[in-house]
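Chemist: Task: produce atomic coordinates for the following.
(one chain, ligands or ions: 1)
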Amino acid sequence: MNVPLLNLQAQYVSLRDDVRDIVDKVFDSQHFVLGAHGRALESAIADYSQTKYAIGCASGSDALLLALMALDIGQGDEVITTPFTFFATGAAIARLGAKPVFVDIDPNSYNIDAAKIPSAITSHTKAILPVHLYGQCADMDPLLEISRSSGIPIIEDAAQAIGAEDRGRRAGSMGLVGTLSFYPTKNLGGAGDGGMLTTSDDTLAGRLRRLRAHGGANEYEHAEVGVNSRLDELQAAVLVVKFPHLDRWSNERAARAAVYSKLLQGSDSGFNVIPPFIRDDGRHIFHQYVIRIPRHRDRLAEHLKQNGIGTKVYYPIPLHRQQCFEYLGYKEGEFPESESAALETLALPVYPELTDEQQHYVVDSIRRFEP
Ligand SMILES: *Cc1c(COP(=O)(O)O)cnc(C)c1O
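Modeler: I've put the predicted structure just below:
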């Protein structure tokens, strides 16, 4: 049996006609940048994310960059974030000349550990940037409390967490601004790169709209220098077709996740497999289903590969161990929870089209592994 880590073809089969129709319409209109599809998607996502505004841009990475720019973050500023995340989170901070200040994660949720944030705050701290990793929200109440008492705004990296909830509040609606990605493998994925910002702040929304289009108040008047980062109409059109399915897809991912966790229970193998921790006061959208194997992770991955099962490590190198961040002066061992997670975690295939039979096969294969 073959169980790929992700199977986008299976999803496309059911959408093929609708996607082709709407792409045809975009070509017929010859209107490719900032149009009706983009506006329709922005309004749908704002609604979905419980924010007043949503502003499309070219990628999730650009969304992070734009959010930081809109908060005037640059040279000499510090932004607190997690080292256990996709590279783009730290890169956006560094790209603007600001300093990423890493804070270790909670070993259960893999999200930033709020208790460790206060001691990382300095007079240069301009934002706190939690990541809702794998589709589960960081514990936002303590973060929001720190933000309120310090006046430091929160930017939520919700690239993996569209529709995820923390006590009924949607990802991207709790901080001052949130960022989303429509990279093809995300829960809501386009046919290329795409991203969006969510906020309920009037002033910030206006600034973000200007910044994504060269910073101009209009085509020819520029009070500041922005970037060219728009969500094009082809991407927006494809996403408009896919968006109505998002909730079902995310619920089906969560259902697949529950099946895994049940099957993995009471594993009597000679090694320990820890299923993901799921908060009981939130909604996890299972962008990834990530197990933890305190030892032998790489050999288990190899064993599964030999049995036709795709797995992946998100992420094998924490950001403070990346060569490009050597100048920050962090040492090995400085963020032990992130470093352990990088060595012990493994993502299993999880998507709506995954069958029961495939899931049983994955878990049987895990049980057959002899370390
Ligand atoms: C995917 C992702 C991004 C970047 O999104 P792109 O659209 O690929 O640029 C940023 N942060 C996290 C946590 C991501 O998973």
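Chemist: how about stretch 179-197, does it get close to the ligand?
Modeler: Yes - counting by Cβ under 6 Å from any ligand atom, the ligand is contacted by stretch 179-197 at 181, 183, 193, 195. (C-beta placed from N, C-alpha, C; glycine too.)
Chemist: Same question for the residue in the stretch 251-371 of the chain that the ligand sits nearest to, what's its three-state structure.
Modeler: Relative to the ligand, the nearest point of the stretch 251-371 of the chain is residue 287 (7.6 Å; Cβ to the nearest ligand atom). Following DSSP: H, G, I helix; E, B strand; the rest coil, the label given to residue 287 is coil.
Chemist: Now do it against residue 70, distance only.
Modeler: Residue 287 is 25 Å from residue 70, where distance means Cβ to Cβ, to the nearest Å.
Chemist: Likewise for residue 234?
Modeler: 26 Å.
Chemist: what do you get for residue 362?
Modeler: Distance from residue 362 to residue 70, by Cβ to Cβ: 43 Å.
Chemist: Same question for residue 366.
Modeler: As judged by Cβ to Cβ, residue 366 and residue 70 stand 45 Å apart.
Chemist: do residue 212 as well
Modeler: Separation of residue 212 from residue 70 (Cβ to Cβ): 10 Å.
Chemist: Equivalent analysis for residue 7, please.
Modeler: For residue 7 relative to residue 70 (Cβ to Cβ), the value is 37 Å.
Chemist: So between these two, which is more surrounded?
Modeler: Neighbours per residue (other Cβ atoms under 10 Å) separate residue 7 from residue 70, with residue 70 holding more: 26 against 17.
Chemist: Would you confirm that the more buried one contacts residue 155?
Modeler: No - under the criterion of Cβ atoms under 8 Å, residue 70 is not in contact with residue 155, lying 9.4 Å apart.
Chemist: what residues do those two have in common as contacts?
Modeler: residue 177 (Cβ atoms under 8 Å, 6 or more residues apart in numbering).
Chemist: Show me which parts of stretch 25-33 are buried, residue by residue.
Modeler: residue 26 (16 or more other Cβ atoms under 10 Å).
Chemist: what does that stretch rub up against?
Modeler: Against stretch 25-33 from outside (Cβ under 8 Å, 6+ apart): 35, 37, 230, 232, 233, 234, 237.
Chemist: avg pLDDT for it?
Modeler: In this model, stretch 25-33 has a mean pLDDT of 97.
Chemist: quick one: buried residues of stretch 252-272?
Modeler: Applying 16+ other Cβ under 10 Å to stretch 252-272 flags 252, 253, 254, 256, 257, 259, 260, 263, 264, 271 as buried.
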